[in-house]
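Engineer: Next input, structure requested:
(one chain, ligands or ions: 1)
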Amino acid sequence: MKKARIIYNPTSGREAFKRHLPEVLAKFENAGYETSCHATTCEGDATDAAKLAVERGFDLVVAAGGDGTVNEVVNGIAGFDKRPQLGIIPVGTTNDFARAIALPLNDVLAAADMLVNGVAVPIDIGRVNDGYFINIAGGGKLTELTYEVPSKLKTMLGQLAYYLKGMEMLPSIRPTEVEIEYDGKLFQGEVMLFLCSLTNSVGGFEKLAPDSKLNDGLFDLLILKKANLAEFVRVASLALRGEHMNDEHVIYTKASRVKVTTKDKMQLNLDGEYGGLLPAEFENLYRHLDIVMSKEKADEMSEEDAKEQEENVNEGPLEKREMQEEDQ
Ligand SMILES: Nc1ncnc2c1ncn2[C@@H]1O[C@H](COP(=O)(O)OP(=O)(O)OP(=O)(O)O)[C@@H](O)[C@H]1O
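Structural biologist: Residues are numbered from 1 along each chain as shown. Sure, this is the predicted structure:
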């Protein structure tokens, strides 16, 4: 019999998961899983619980929570050679990664149904220093807002809590001098922020890294160069519409390895949580984790793959992009 371990954060989002736990367990049992669960008690607990689940031979580990909980569970699983499948029940505030794979948001029972009827698809994750991320890694003052918003405020206000904090931080955002090496190229200069994205869903924006693919072995690297407040607000409003890529303040490209160093202190953000200080080296781990998603989403991804392979019979996506850049 297959075994599933549900690791849930009782404090995530609007704290709705617990109420549905008996029905979720019943759905997994009915689908043929011997199922047990673990409620996290503090930061880092989901990582320990996920490691234990791998050691005990669970076939499926389900992270029920927000992006922070998903990140912790990924960190528990990713280092093993034989990894269980990962399922997600998104009940956080932003649920960036869940959006990227089109999971039902804040609907616990719909997400559980999807998991028991879904298929596992291998996707890329990122490794940085001694940790992992599944959605985004970044640095720059503005990226700090994702973990500066207190959990209670998120429970009360949801996504609005981030917008309020963002507006409060805006005037204090300063550029930082960095060196960013990416696949043999070098950027040196002052930046407002940089992002290494694995999906097109970043901080609730769906058009920030629109070319991002879940399984191409490449990060979408976005660098926002030094800008004053007015320029910054202008680029942010372009980004809402996905029209920021050609702005003079923006570098948007693909890379499988990115190394960032800085003389000043710069914090690292991994999937919305504090991830230590720079320097950091990001490596894309090609199709490293099997994630359960709906059959429709899995089919959509294989159709995209087939289309891309057809388009790139002679050249990889990266070379093609470089040629397009040279043409411009
Ligand atoms: N019992 C607990 N009490 C307090 N904090 C916890 C507990 N269990 C886990 N945590 C911490 O809460 C952090 C945030 O949780 P999570 O990301 O699941 O929800 P969220 O912050 O509401 O959603 P989002 O990340 O989508 O904004 C986790 O990274 C984890 O370290």
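Engineer: Could you use CA atoms for every contact and neighbour count after this?
Structural biologist: Fine.
Engineer: residue contacts, residue 179?
Structural biologist: Applying Cα atoms under 8 Å, 6 or more residues apart in numbering to residue 179 gives the contacts 186, 187, 188, 189, 259, 260, 261, 262.
Engineer: Quick check: residues of the stretch 51-200 of the chain near the ligand?
Structural biologist: Residues of the stretch 51-200 of the chain lying close to the ligand (Cα under 6 Å from any ligand atom) are 65, 66, 67, 68, 69, 92, 93, 94, 95, 151.
Engineer: Mind picking the two most distant members of the residues you listed?
Structural biologist: Maximum pairwise distance among these (Cα to Cα): 14.3 Å, between 95 and 151.
Engineer: Of the two, which one has the most company?
Structural biologist: Higher neighbour count among residue 95 and residue 151: residue 95, with 27 against 17, using other Cα atoms under 10 Å.
Engineer: Touching, the more buried one and residue 68? I think so.
Structural biologist: No - in terms of Cα atoms under 8 Å, residue 95 does not count as a neighbour of residue 68; the distance is 9.0 Å.
Engineer: Make sure residue 222 is indeed in a strand.
Structural biologist: Yes - counting by DSSP: H, G, I helix; E, B strand; the rest coil, residue 222 is located in a strand.
Engineer: how many other residues sit next to it?
Structural biologist: Neighbourhood size, residue 222 [other Cα under 10 Å]: 20.
Engineer: tell me the SS of the nearest residue to it once chain neighbours are set aside?
Structural biologist: Spatial nearest neighbour of residue 222, excluding adjacent residues (Cα to Cα, 6 or more residues apart in numbering): residue 252 at 4.6 Å. Following three-state DSSP, we place residue 252 in the strand state.
Engineer: How many residues are close by residue 252?
Structural biologist: Neighbours around residue 252, by other Cα under 10 Å: 18.
Engineer: got a list of what it touches?
Structural biologist: Residue 252 touches 220, 221, 222, 223, 245, counting by Cα under 8 Å, 6+ apart.
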